[in-house]
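K.L.:
based on what follows, work out the 3D shape:
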Amino acid sequence: MLIIPAIDLMDGECVRLYKGDYQQRTTYAPDPVEQALRFEETGFRRIHVIDLDGARAGSGQNRQAIRRVIEACRVPVQVGGGIRGIRDVEELFEWGAQYLILGTIALERPGEVDQWVKRYGGEPFIVSLDLRKGRLQTEGWLEESNRSLEDAVSAIARWGMREVICTDVDRDGTLEQPNWTTYNHLLDLLSDEQSLIAAGGVSAPEHIQELKELGVDGAVVGRALYEGDFSWEELLGAG
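P.N.:
Presented below is the predicted three-dimensional model:
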(Lines give C-alpha, C1' and ligand atoms only; values in the text may rest on other atoms or scores of the structure.)
Protein backbone atom coordinates (compact mmCIF):
# COMPACT_ATOMS: atom_id res chain seq x y z
CA MET A 1 0.00 0.00 0.00
CA LEU A 2 1.30 3.43 -0.94
CA ILE A 3 1.74 5.77 2.05
CA ILE A 4 2.15 9.38 0.89
CA PRO A 5 3.33 12.11 3.28
CA ALA A 6 1.68 15.49 2.82
CA ILE A 7 3.33 18.88 2.58
CA ASP A 8 0.71 21.64 2.57
CA LEU A 9 2.09 25.07 1.73
CA MET A 10 1.07 28.54 2.88
CA ASP A 11 3.47 31.47 2.51
CA GLY A 12 6.18 28.99 1.50
CA GLU A 13 5.99 27.03 4.78
CA CYS A 14 4.73 23.55 5.70
CA VAL A 15 1.42 23.87 7.52
CA ARG A 16 -1.70 21.91 8.38
CA LEU A 17 -5.26 23.19 8.58
CA TYR A 18 -7.99 21.89 10.87
CA LYS A 19 -10.98 20.67 8.84
CA GLY A 20 -9.91 22.88 5.94
CA ASP A 21 -10.25 26.06 8.01
CA TYR A 22 -7.66 28.60 6.84
CA GLN A 23 -7.97 30.41 10.18
CA GLN A 24 -6.91 27.28 12.09
CA ARG A 25 -3.39 26.86 10.78
CA THR A 26 -0.40 25.20 12.41
CA THR A 27 3.09 25.72 10.96
CA TYR A 28 5.41 22.72 11.25
CA ALA A 29 8.47 23.46 9.13
CA PRO A 30 9.78 26.62 7.45
CA ASP A 31 11.58 24.76 4.67
CA PRO A 32 9.48 22.37 2.53
CA VAL A 33 12.56 21.01 0.73
CA GLU A 34 14.16 19.92 3.99
CA GLN A 35 10.87 18.32 5.04
CA ALA A 36 10.47 16.49 1.72
CA LEU A 37 14.01 15.13 1.87
CA ARG A 38 13.41 13.82 5.39
CA PHE A 39 10.36 11.95 4.12
CA GLU A 40 12.33 10.58 1.18
CA GLU A 41 15.23 9.43 3.38
CA THR A 42 12.79 7.56 5.63
CA GLY A 43 11.60 5.49 2.68
CA PHE A 44 8.37 7.11 1.51
CA ARG A 45 7.99 6.44 -2.23
CA ARG A 46 5.99 9.53 -3.21
CA ILE A 47 5.48 13.06 -1.85
CA HIS A 48 2.16 14.95 -1.80
CA VAL A 49 2.51 18.75 -2.13
CA ILE A 50 -0.50 21.08 -2.02
CA ASP A 51 -0.46 24.84 -2.57
CA LEU A 52 -3.18 25.91 -0.12
CA ASP A 53 -2.85 29.56 -1.08
CA GLY A 54 -3.22 28.58 -4.73
CA ALA A 55 -6.23 26.36 -4.04
CA ARG A 56 -8.02 29.27 -2.39
CA ALA A 57 -6.93 32.04 -4.78
CA GLY A 58 -6.92 30.04 -8.01
CA SER A 59 -3.29 30.71 -8.86
CA GLY A 60 0.08 29.22 -7.99
CA GLN A 61 1.09 31.20 -4.91
CA ASN A 62 3.82 28.77 -3.81
CA ARG A 63 5.13 27.65 -7.18
CA GLN A 64 8.80 28.38 -6.56
CA ALA A 65 8.73 26.40 -3.30
CA ILE A 66 7.06 23.54 -5.17
CA ARG A 67 9.67 23.69 -7.91
CA ARG A 68 12.44 23.41 -5.32
CA VAL A 69 10.80 20.33 -3.80
CA ILE A 70 10.36 18.64 -7.19
CA GLU A 71 13.94 19.31 -8.22
CA ALA A 72 15.37 18.16 -4.88
CA CYS A 73 13.48 14.85 -4.63
CA ARG A 74 14.31 11.60 -6.38
CA VAL A 75 10.90 10.06 -5.65
CA PRO A 76 7.79 11.13 -7.60
CA VAL A 77 6.02 14.28 -6.43
CA GLN A 78 2.27 14.81 -6.88
CA VAL A 79 1.21 18.45 -6.88
CA GLY A 80 -2.15 20.13 -6.37
CA GLY A 81 -3.68 23.49 -5.51
CA GLY A 82 -4.34 26.30 -7.95
CA ILE A 83 -4.01 24.25 -11.14
CA ARG A 84 -6.56 26.09 -13.25
CA GLY A 85 -5.10 26.45 -16.74
CA ILE A 86 -2.88 24.83 -19.36
CA ARG A 87 0.07 27.06 -18.41
CA ASP A 88 -0.05 25.65 -14.88
CA VAL A 89 -0.01 22.14 -16.30
CA GLU A 90 2.86 22.84 -18.70
CA GLU A 91 4.96 24.55 -16.04
CA LEU A 92 4.61 21.81 -13.42
CA PHE A 93 5.31 19.02 -15.90
CA GLU A 94 8.33 20.92 -17.21
CA TRP A 95 9.71 21.10 -13.68
CA GLY A 96 9.33 17.35 -13.28
CA ALA A 97 6.08 16.84 -11.37
CA GLN A 98 5.04 13.23 -11.87
CA TYR A 99 1.34 13.70 -11.12
CA LEU A 100 -0.99 16.70 -11.06
CA ILE A 101 -3.95 16.72 -8.69
CA LEU A 102 -7.07 18.34 -10.11
CA GLY A 103 -9.92 19.56 -7.93
CA THR A 104 -11.95 22.63 -8.85
CA ILE A 105 -11.06 22.52 -12.55
CA ALA A 106 -12.24 18.91 -12.90
CA LEU A 107 -15.64 19.73 -11.41
CA GLU A 108 -16.25 23.20 -12.80
CA ARG A 109 -14.56 23.18 -16.22
CA PRO A 110 -14.28 19.55 -17.36
CA GLY A 111 -13.98 20.60 -21.00
CA GLU A 112 -10.53 22.00 -20.28
CA VAL A 113 -9.49 18.75 -18.65
CA ASP A 114 -10.63 16.97 -21.83
CA GLN A 115 -7.97 18.94 -23.72
CA TRP A 116 -5.24 18.22 -21.18
CA VAL A 117 -5.99 14.50 -21.30
CA LYS A 118 -5.84 14.53 -25.10
CA ARG A 119 -2.37 16.04 -24.86
CA TYR A 120 -0.87 14.16 -21.91
CA GLY A 121 -3.07 11.11 -21.43
CA GLY A 122 -5.04 10.38 -18.29
CA GLU A 123 -2.44 8.70 -16.09
CA PRO A 124 -0.43 11.79 -15.02
CA PHE A 125 -3.60 13.34 -13.56
CA ILE A 126 -5.32 12.52 -10.27
CA VAL A 127 -8.74 13.96 -9.46
CA SER A 128 -9.24 14.92 -5.83
CA LEU A 129 -12.79 14.33 -4.63
CA ASP A 130 -13.06 16.49 -1.53
CA LEU A 131 -16.20 15.79 0.47
CA ARG A 132 -17.89 17.64 3.30
CA LYS A 133 -20.94 15.79 4.61
CA GLY A 134 -21.06 13.86 1.34
CA ARG A 135 -21.00 16.98 -0.89
CA LEU A 136 -18.13 17.77 -3.26
CA GLN A 137 -16.14 20.90 -2.40
CA THR A 138 -14.24 23.33 -4.67
CA GLU A 139 -12.13 26.52 -4.39
CA GLY A 140 -9.91 25.21 -1.62
CA TRP A 141 -12.89 23.61 0.17
CA LEU A 142 -14.59 27.00 0.51
CA GLU A 143 -17.41 26.37 -1.99
CA GLU A 144 -19.81 23.49 -2.59
CA SER A 145 -20.13 21.99 -6.06
CA ASN A 146 -23.46 21.09 -7.62
CA ARG A 147 -21.89 18.03 -9.25
CA SER A 148 -22.76 14.64 -7.80
CA LEU A 149 -20.10 12.18 -6.71
CA GLU A 150 -21.40 9.67 -9.24
CA ASP A 151 -21.11 12.20 -12.07
CA ALA A 152 -17.54 13.06 -11.07
CA VAL A 153 -16.54 9.39 -10.97
CA SER A 154 -17.99 8.86 -14.46
CA ALA A 155 -15.90 11.75 -15.80
CA ILE A 156 -12.75 10.33 -14.19
CA ALA A 157 -13.36 6.99 -15.89
CA ARG A 158 -13.91 8.70 -19.23
CA TRP A 159 -10.61 10.55 -18.87
CA GLY A 160 -8.77 7.28 -18.23
CA MET A 161 -7.32 8.42 -14.92
CA ARG A 162 -6.00 5.56 -12.81
CA GLU A 163 -5.86 7.21 -9.38
CA VAL A 164 -8.45 9.07 -7.33
CA ILE A 165 -7.87 10.87 -4.04
CA CYS A 166 -10.81 11.25 -1.69
CA THR A 167 -10.54 13.61 1.27
CA ASP A 168 -13.16 13.80 3.99
CA VAL A 169 -12.77 17.49 4.83
CA ASP A 170 -14.40 17.14 8.25
CA ARG A 171 -11.77 14.56 9.22
CA ASP A 172 -8.78 16.38 7.72
CA GLY A 173 -6.27 17.52 10.32
CA THR A 174 -8.32 16.13 13.21
CA LEU A 175 -6.22 13.06 14.12
CA GLU A 176 -9.49 11.15 14.44
CA GLN A 177 -9.95 8.29 11.96
CA PRO A 178 -10.88 7.87 8.30
CA ASN A 179 -14.50 7.96 7.19
CA TRP A 180 -14.89 4.27 6.44
CA THR A 181 -18.42 4.69 5.05
CA THR A 182 -17.27 7.22 2.45
CA TYR A 183 -14.43 5.03 1.20
CA ASN A 184 -16.64 1.95 1.06
CA HIS A 185 -19.14 3.83 -1.08
CA LEU A 186 -16.47 5.21 -3.38
CA LEU A 187 -14.87 1.79 -3.86
CA ASP A 188 -18.26 0.56 -5.08
CA LEU A 189 -18.33 3.36 -7.68
CA LEU A 190 -14.77 2.94 -8.96
CA SER A 191 -13.70 0.25 -11.43
CA ASP A 192 -11.15 -2.46 -10.63
CA GLU A 193 -8.63 -0.60 -12.81
CA GLN A 194 -8.78 2.51 -10.62
CA SER A 195 -6.89 3.05 -7.37
CA LEU A 196 -8.35 4.91 -4.40
CA ILE A 197 -6.10 7.04 -2.21
CA ALA A 198 -7.68 7.98 1.12
CA ALA A 199 -7.03 11.27 2.91
CA GLY A 200 -8.42 12.89 6.02
CA GLY A 201 -8.21 11.43 9.51
CA VAL A 202 -5.55 8.82 8.68
CA SER A 203 -3.61 9.09 11.91
CA ALA A 204 -2.33 5.69 13.08
CA PRO A 205 -0.67 2.55 11.67
CA GLU A 206 -3.83 0.57 12.39
CA HIS A 207 -5.78 2.93 10.11
CA ILE A 208 -3.41 2.00 7.30
CA GLN A 209 -4.02 -1.69 7.94
CA GLU A 210 -7.80 -1.24 8.00
CA LEU A 211 -7.78 0.81 4.78
CA LYS A 212 -5.69 -1.87 3.10
CA GLU A 213 -8.17 -4.57 4.16
CA LEU A 214 -11.00 -2.42 2.83
CA GLY A 215 -9.38 -2.35 -0.62
CA VAL A 216 -7.92 1.16 -0.54
CA ASP A 217 -4.62 1.36 -2.44
CA GLY A 218 -2.98 4.36 -0.81
CA ALA A 219 -3.25 6.95 1.94
CA VAL A 220 -2.16 10.57 2.28
CA VAL A 221 -0.99 11.28 5.82
CA GLY A 222 -0.42 14.80 7.10
CA ARG A 223 -0.74 16.04 10.65
CA ALA A 224 -0.17 12.58 12.17
CA LEU A 225 3.35 12.53 10.72
CA TYR A 226 4.17 15.76 12.51
CA GLU A 227 2.38 15.07 15.80
CA GLY A 228 1.73 11.31 15.98
CA ASP A 229 3.06 9.09 18.77
CA PHE A 230 4.54 6.54 16.33
CA SER A 231 7.60 6.48 14.12
CA TRP A 232 7.42 7.10 10.39
CA GLU A 233 8.95 3.66 9.87
CA GLU A 234 6.06 2.15 11.84
CA LEU A 235 3.57 3.80 9.52
CA LEU A 236 5.41 2.57 6.43
CA GLY A 237 5.53 -0.94 7.85
CA ALA A 238 1.76 -0.99 8.29
CA GLY A 239 1.30 -0.70 4.54
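
K.L.:
how about A106, what does it touch?
P.N.:
113, 127-128, 152, 155-156 (C-beta atoms under 8 Å, 6 or more residues apart in numbering). Heads up, the C-betas are built off the backbone N, CA and C, glycines and all.

K.L.:
sorry, that was for V15
P.N.:
8-9, 25-28, 52.

K.L.:
which of the residues you listed has the largest number of neighbours?
P.N.:
Neighbour tally across the contacts of V15 (other C-beta atoms under 10 Å): the maximum, 26 neighbours, falls on D8.

K.L.:
helix or strand: which one has that residue?
P.N.:
strand 2-10 (DSSP states H and E).

K.L.:
pLDDT averaged over that strand - what is it?
P.N.:
Strand 2-10 carries an average pLDDT of 95.

K.L.:
buried stuff in it?
P.N.:
Neighbour counts using 16 or more other C-beta atoms under 10 Å place 3-10 of strand 2-10 among the buried residues.

K.L.:
all helices for this protein, in order.
P.N.:
Assigned by DSSP state H, the chain shows helices spanning 32-42, 52-57, 63-72, 86-95, 104-108, 110-120, 149-159, 180-189, 205-214, 223-227, 232-238.

K.L.:
for the residue nearest to Q35 when sequence neighbours are not counted, which residues count as its bridge partners?
P.N.:
Once flanking residues are discounted, Q35 sits nearest to A29: 4.5 Å by C-beta to C-beta, 6 or more residues apart in numbering. Counting by DSSP bridges, A29 forms beta bridges with C14.

K.L.:
surely A29 and E13 touch.
P.N.:
Yes - look at A29 against E13 with C-beta atoms under 8 Å: they come within range, at 6.8 Å.

K.L.:
which residue of the two possesses the greater neighbour count?
P.N.:
E13 (18 against 15).

K.L.:
residue contacts, the more buried one?
P.N.:
Per C-beta under 8 Å, 6+ apart, neighbours of E13: 27, 29-30, 32.
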